[in-house]
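>>> Provided below for reference: sequence and predicted model.
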Amino acid sequence: MHPIDAEGTPERLWRGWGALEALPTLDLSGAARAVVVAPHPDDETLGFGGGIALMAAQGTDVTIVAVTDGEGSHPGSNVLTRAGLVAARAGERGRALSSLGARGVDIERLGIPDGQVAAHEGELAERLADLCAETDLCVAPWEGDLHPDHEATGRAARAAVRDRDTRLLSYPVWMWHWARPGDDAVPWSRAYRIDLTPEVVHLKESALGAFVTQVSPLGGLPEDRAVLTPDMLAHFSRDHEVVFQ
Ligand SMILES: [Zn+2]
């Protein structure tokens with residue numbers, strides 16, 4: 001079984017592991033322009049929603065890059081077609097960004113097919129190089145996340161900022177599900193925490209609730225089940241976010 005499909009690590013194990021509390025903190029206040037790259041609509045909020053809220057509040061010019069439209073989240077569903085998912089998930093992302101105080105951010109939709117980012121990795125790296133030019137910060141998924149679209153997006157972002165002044169931050173999403181505290185597969189020595197105020201934690205919780213097609217079943221059949229279970233969502237209600245630098 002693929003680790004993402006296996007039973008995940010309970011959030012109480014992460015909360016009971018003191019090392020997350022002890023990570024060095026990262027300050028986002030210096031960034032004037034930032035790009036946040038999301039393989040699917042919701043990844044920007046799961047992995048870096050608190051960071052988006054903090055940057056929006058301080059006036060950072062933020063662009064969200066939507067690599068795919070997330071049309072592949074429910075293959076086989078008779079409730080929502082792929083086109084229906086595209087429309088629904090775009091609306092959900094808009095409401096989530098509004099909840100984060102980032103209503104006016106630019107959203108660049110690249111339209112790469114969901115599930116096939118690796119096959120478009122070179123093209124994606126070129127697009128990201130253009131989009132990240134003259135930005136201070138490029139925030140992208142961690143290339144070790146074990147989801148193929150996340151890993152390909154992370155590799156493309158790293159290629160895009162190579163030999164540039166743009167700082168790359170990599171956010172994990174599925175890692176919190178499949179990894180264990182202290183896991184050797186995780187580059188803990190490059191991990192930093194972004195501290196979130198209680199208000200920002202609350203905004204992020206509201207934003208995640210906007211992704212109705214992901215956090216709730218579309219219907220009663222197995223193909224309509226929620227992608228983001230309560231156990232998975234529990235990893236994203238912490239008072240900090242973790243990025244690798
Ligand atoms: Zn994703």
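Cool, got the structure. Because the structure is a prediction, the values reported are computed rather than measured.
>>> What residues does the chain have near the ion?
39-40, 43 (CB under 5 Å from the ion). To be clear about C-beta, it is placed using only N, CA and C from the backbone, and glycine gets the same treatment.
>>> Among the residues you listed, find me the one that's closest to R82.
Nearest to R82, judged by CB to CB, of the residues of the chain next to the ion is H40 at 13.1 Å.
>>> thinking again about what came up before, let's have the residues of the chain next to the ion in JSON lines, adding secondary structure.
What follows is these, written out as JSON lines (DSSP: H, G, I helix; E, B strand; the rest coil):
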{"residue": "P39", "secondary structure": "coil"}
{"residue": "H40", "secondary structure": "coil"}
{"residue": "D43", "secondary structure": "helix"}
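>>> Could I get the pLDDT score of A179?
At A179, the model reports a pLDDT of 98.
>>> Number of residues surrounding it?
Other residues lying near A179 total 20 when counted by other CB atoms under 10 Å.
>>> Would you check that it makes contact with G8?
No: with contact defined as CB atoms under 8 Å, A179 and G8 do not form a contacting pair (9.3 Å).
>>> In a markdown table: the residues of the chain next to the ion, plus neighbour count and pLDDT.
Below are these laid out as a markdown table (neighbours: other CB atoms under 10 Å; pLDDT from 0 to 100):
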| residue | neighbour count | pLDDT |
| --- | --- | --- |
| P39 | 30 | 98 |
| H40 | 29 | 98 |
| D43 | 28 | 98 |
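>>> so which of those residues comes closest to G30?
When the residues of the chain next to the ion are compared against G30 (criterion: CB to CB), the nearest one is D43, at 24.0 Å.
>>> Tell me who's in contact with the closest one.
141, 150, 173 (CB atoms under 8 Å, 6 or more residues apart in numbering).
>>> most centrally placed residue in this structure?
Centroid-nearest residue in the chain: D43, 2.7 Å away (criterion: CA atoms, centre = their mean).
>>> hey, where'd the strands end up in this structure?
Here the chain has its strands, by DSSP state E, at 33-38, 61-66, 106-109, 137-141, 167-171, 191-195, 240-244.
>>> Quick one: neighbours of the nearest residue to E108 once chain neighbours are set aside, just the number.
Spatial nearest neighbour of E108, excluding adjacent residues (CB to CB, 6 or more residues apart in numbering): V65 at 4.9 Å. Neighbour count for V65, taken as other CB under 10 Å: 25.
>>> Which members of the contacts of D43 are classed as buried?
The neighbour count (16 or more other CB atoms under 10 Å) marks 141, 150, 173 as buried among those.
>>> list the contacts for the second one?
Under the criterion of CB under 8 Å, 6+ apart, the contact list for H150 reads 39, 43, 141-143, 173-174.
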